[in-house]
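# Sharing a model that was predicted from the sequence below.
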Amino acid sequence: MKKLNRAALVGVAVLVTGAFGCATTKAVDEKIAAATAKTDQKIETVETQVEDLQTKQKATEAKVDAQGQEIAKVSQSAQEALKRAQEAGILAKGKVVFEQTLTEDRVKFRSGSAELNDEAKVALDEFAAKVKELGRPTWMEIQGHTDSTGTDEINDALGEKRAEAVRRYLARTHKLAIQRMTTISYGDTLPADTGKGSKARAANRRVVLVVLE
């Protein structure tokens, strides 16, 4: 009887030990699985962050390329305006925000005239609204151009009068800071149209407004 009891106890002990061993192995497996899941999650998070950084880098590169293309698009006179302003040290960023050309189809300067008609004023109203929408300080160069009729002296003076007429209108009517607007005359030295007919002359009677910051 004692031998049987001892044998039974040994059997129970083996079963208990086996069961405990299985439980321990299961717990270890669960911990390993949990640790592996956390590691996988961290790896996935890092990969996502890397992808985000790569996406942002591509976006930045695209923006730089776009800015480079925009700079290449601006006119010769706008590039010259930027250079003058940079040399004067009056810009915060040193870039052309935008430029707008007001030709005879809107401004309608008569030959030899610097007077702004109603259509010219409407065009300048739209321009002033666009500048104000920027919501930040800017610098403006107003460039006066003429056609090729008249002497160099007359054209230089006429180009300056046209630019100054625009400057005074923007300052008086729209309260744009007059001290942040400069004028310059190109006379007939930078024609928009090199033709000889009336259409070409009309295109060359213009004012170019270059907004800088």
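Okay, I see it. Numbering: from 1, shown residues only.
# Was I right to think residue 157 contacts residue 163?
No: assessed by CB atoms under 8 Å, residue 157 is found out of contact with residue 163, at 11.0 Å. Yep, even glycine has a C-beta here, placed from its N, CA and C like the rest.
# Need the overlap of contacts for the two.
Both residue 157 and residue 163 are in contact with residue 185, where contact means CB atoms under 8 Å, 6 or more residues apart in numbering.
# So those two - more neighbours on which side?
The residue with more neighbours, out of residue 157 and residue 163, is residue 163; 25 against 17, by other CB atoms under 10 Å.
# is it true that that one touches residue 207?
Yes: counting by CB under 8 Å, residue 163 touches residue 207, with 6.1 Å between them.
# Quickly list what's touching both of those two.
Shared contacts of residue 163 and residue 207 (CB under 8 Å, 6+ apart): 142, 143, 144.
# Check the gap between the second one and residue 185 for me.
I take that to be residue 143. With distances taken as CB to CB, to the nearest Å, residue 143 is found 8 Å from residue 185.
# check which helix or strand covers residue 43.
Secondary-structure assignment from DSSP states H and E places residue 43 in helix 2-73.
# Past that helix, which element shows up next along the chain?
By DSSP H and E, the next helix or strand past helix 2-73 is helix 76-88.
# Which secondary structure elements does that next one sit against?
Other elements packing on helix 76-88 under the criterion 3 or more CB pairs under 8 Å, 6 or more residues apart in numbering; DSSP states H and E are strand 96-102, strand 139-145, strand 181-187, strand 207-212.
# Of all those strands, which one comes closest to residue 153?
Nearest to residue 153, of all the helices and strands packed on helix 76-88, is strand 181-187, at 8.8 Å by CB to CB.
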